[in-house]
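Peer 1: Below are the sequence and a predicted model; questions follow.
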Amino acid sequence: MNQDKYFCTMKYRMLTDDELPLFEEDLKQFLIIHGVHGDEWAKMNEETPEEARNLVGLFSDTVLQKVYEKIKFIEHRTAASCMVFRMQPEAVEMISINAKNDSVDLSTPEGIHAALVHHASELTFFKNTKAYSKEREMEIHEMLDQGCVNSSEAFWMQLEKALF
């Protein structure tokens, strides 16, 4: 086999050992589409592990691209701030709640609720829209790498209704 046949530069990241089993059937189909069947896959892993790794990298990017395309809302919380992002096709919208002091903890839903109900004067609110500076899915990937997690439309709508 040609060592460079499946060479790829990773766009996102390699799926982890915990994530790969979740996509076992998808990986089998992916390998078949790329002309690699069971025995060939075992042989590739043994004889040309770098080629097998490159193929898993290509698969990982394909999976993550599809996952990122489906993401609509993400958020990032700390004790001092809660930022919720709506990932639109051309731009990202953000609602940000920030604590003016340490007496408020915005890292949990309960803390956010308590702060909004009992300490609203100790919070600042901000809403903004920004065009993507690179491909939407790449920005999502980078934001997830920086600690953002999946969020929901319901949370976005609750904040929007309560704050604006």
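Peer 2: Noted; the coordinates are in hand.

Peer 1: low-confidence ranges in this protein?
Peer 2: Applying pLDDT under 70 to the chain flags the ranges 1-8.

Peer 1: Kindly report the domain assignment for the chain.
Peer 2: Domain segmentation of the chain under automatic domain parsing yields 20-70, 73-163.

Peer 1: Using a markdown table, lay out those together with mean neighbour count and distance to residue 9.
Peer 2: No exception for glycine: its C-beta is placed from N, CA and C like everyone else's. Shown next, in a markdown table, are the domains of the chain (neighbours: other C-beta atoms under 10 Å; distance: least, C-beta to C-beta, whole Å):
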| stretch | mean neighbour count | distance to residue 9 |
| --- | --- | --- |
| domain 20-70 | 15 | 9 |
| domain 73-163 | 15 | 13 |
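
Peer 1: Can you add distance to residue 12 and give those back as JSON lines?
Peer 2: Shown next, in JSON lines, are the domains of the chain (distance: least, C-beta to C-beta, whole Å):
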{"stretch": "domain 20-70", "distance to residue 12": "4"}
{"stretch": "domain 73-163", "distance to residue 12": "5"}
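
Peer 1: Tell me which of the ones you listed sits nearest to residue 10.
Peer 2: domain 20-70 (5.2 Å; C-beta to C-beta).

Peer 1: Start and end of that closest one, how far apart?
Peer 2: Domain 20-70 has an end-to-end distance of 19 Å (C-alpha to C-alpha, to the nearest Å).
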